[in-house]
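this one's structure only:
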């Protein structure tokens, strides 16, 4: 029997973008901000000085992202039962494409390149599940949407929510 | 009413890879080969000296590909009636990712980044049509497959075939 498939997002799901934003802000602006700064604010507006957009276009930002807690072990476990696809809306930041591929090779070498998709719009992706931190992707996905908690999505009520990778494993295994 | 969607491949469909292989071979090995060398041979084996795989990993190969005859005008016309997605199995050659995005920006600036997908396996792409030169993509596509003629696929009989972009327009408009 064909396995069910899961499309997994990168930024904010496999990769801990919030921690990276705070680290970059500390290094570049010399100020330590707290994680609450992301609560219920659009991601692009969360840092002072337009720093989010600045960092997203900074070489090295995507390559040096910390991996989300427990993500590697969880995806390994899920892979035993599901076809796992990594689906990242990378096309908005073309310089990130190579960095993202390198990052995946470092942390998720067990995901074959055939199962990696860098796209813009995720509306033509057809998997049984989609794990993402954005409604713009989940609202129109063809499979069952799963919202991965991030500061910017705490107000969203209309999707099944998971707060971390242990909850993903509990939900799907 | 929602438009129907078409996934269009890059190499061998929008981009004239056969001409590029011959040009590179002439420049690097100093020998002029004829296009018949591609007839009914797997693409990777078509040139002497393992040159196809060499060229695919040569920086600049993808950025300098000639655009396929009439492709730009045809895709513009199709875009009036269809949602056009560019879907390229670029992930096997990670260095090509940025070059391919730059190439699309040069020749197809009217395709929004949200409609560009770089993937490995195309099996999770769900569009109404798929135009591709490979059965490995068309045989499992969810929509209607359209085979774009290339030397390596002349023996394929089980898909609707188009020989050039004018035939695509005639078929779909």
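All right, it came through fine. Since the structure is predicted, the reported quantities are computational estimates derived from the model, not experimental observations.

quick one: low-confidence ranges for chain A?
Along chain A, the model assigns pLDDT under 70 to residues A:1.

strands paired with the longest strand seen in it, and their directions?
Using DSSP state E, we find that the single longest strand of chain A is strand A:82-88. As defined by DSSP bridges, the strand partners of strand A:82-88 come to strand A:4-8 (parallel), strand A:116-118 (parallel).

Can you add mean neighbour count and give the ones you listed back as a markdown table?
Where you see a C-beta, it was placed from the backbone N, CA and C, and this is true even at glycine. Formatted as a markdown table, these follow (neighbours: other Cβ atoms under 10 Å in any protein chain shown):
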| stretch | mean neighbour count |
| --- | --- |
| strand A:4-8 | 22 |
| strand A:116-118 | 25 |
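
quick one, strands of chain A?
Listed in chain order, the strands of chain A (DSSP E) span residues A:4-8, A:82-88, A:116-118, A:129-132, A:144-148, A:160-162.

Now tabulate the ones you listed in JSON lines and tack on distance to residue B:122.
JSON lines is the format used below for these (distance: least, Cβ to Cβ, whole Å):
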{"stretch": "strand A:4-8", "distance to residue B:122": "13"}
{"stretch": "strand A:82-88", "distance to residue B:122": "11"}
{"stretch": "strand A:116-118", "distance to residue B:122": "9"}
{"stretch": "strand A:129-132", "distance to residue B:122": "17"}
{"stretch": "strand A:144-148", "distance to residue B:122": "22"}
{"stretch": "strand A:160-162", "distance to residue B:122": "28"}
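
closest to residue B:9 out of those strands?
Ranking the strands of chain A by proximity to residue B:9 (Cβ to Cβ) places strand A:116-118 first, at 14.6 Å.

how far is that closest one from where the chain is centred?
12 Å (Cα atoms, centre = their mean, to the nearest Å).

same check, this time on stretch A:121-135
Chain-centre distance of stretch A:121-135: 11 Å, with Cα atoms, centre = their mean.

Buried ones in it, by neighbour count?
For stretch A:121-135, a neighbour-count test (16 or more other Cβ atoms under 10 Å in any protein chain shown) marks A:121-134 as buried.

Quote the end-to-end distance of it.
The first and final residues of stretch A:121-135 sit 12 Å from each other (Cα to Cα, to the nearest Å).

Could you do stretch A:50-69 as well?
Using Cα to Cα, the end-to-end distance of stretch A:50-69 comes out at 27 Å.

Residues touching that stretch, excluding its own?
With Cβ atoms under 8 Å, 6 or more residues apart in numbering or on different chains as the test, stretch A:50-69 has contacts from A:11, A:13-17, A:19-21, A:23-25, A:28-29, A:43-47, A:93, A:95-96, A:99-100, A:102-103, A:107, A:164-165.

Of the residues you listed, which are in range of chain B?
With respect to chain B, and counting by Cβ under 8 Å from any Cβ of the partner chain, the subset of the contacts of stretch A:50-69 in contact is A:95, A:102.

Select only the buried ones of the contacts of stretch A:50-69 in PyMOL?
Buried residues among the contacts of stretch A:50-69 (16+ other Cβ under 10 Å), as a PyMOL selection:
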select buried, chain A and resi 11+13+14+15+16+17+20+21+23+24+25+43+46+47+93+95+96+99+100+103+107+165
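
So which of the contacts of stretch A:50-69 are in helices?
Of the contacts of stretch A:50-69, the ones assigned to helices by DSSP state H are A:17, A:19-21, A:23-25, A:28-29, A:96, A:99-100, A:102-103, A:107, A:165.

any idea which of the residues you listed is closest to chain B?
Top of the list for closeness to chain B, among the ones in helices among the contacts of stretch A:50-69 and by Cβ to the nearest Cβ, is residue A:102 at 7.4 Å.
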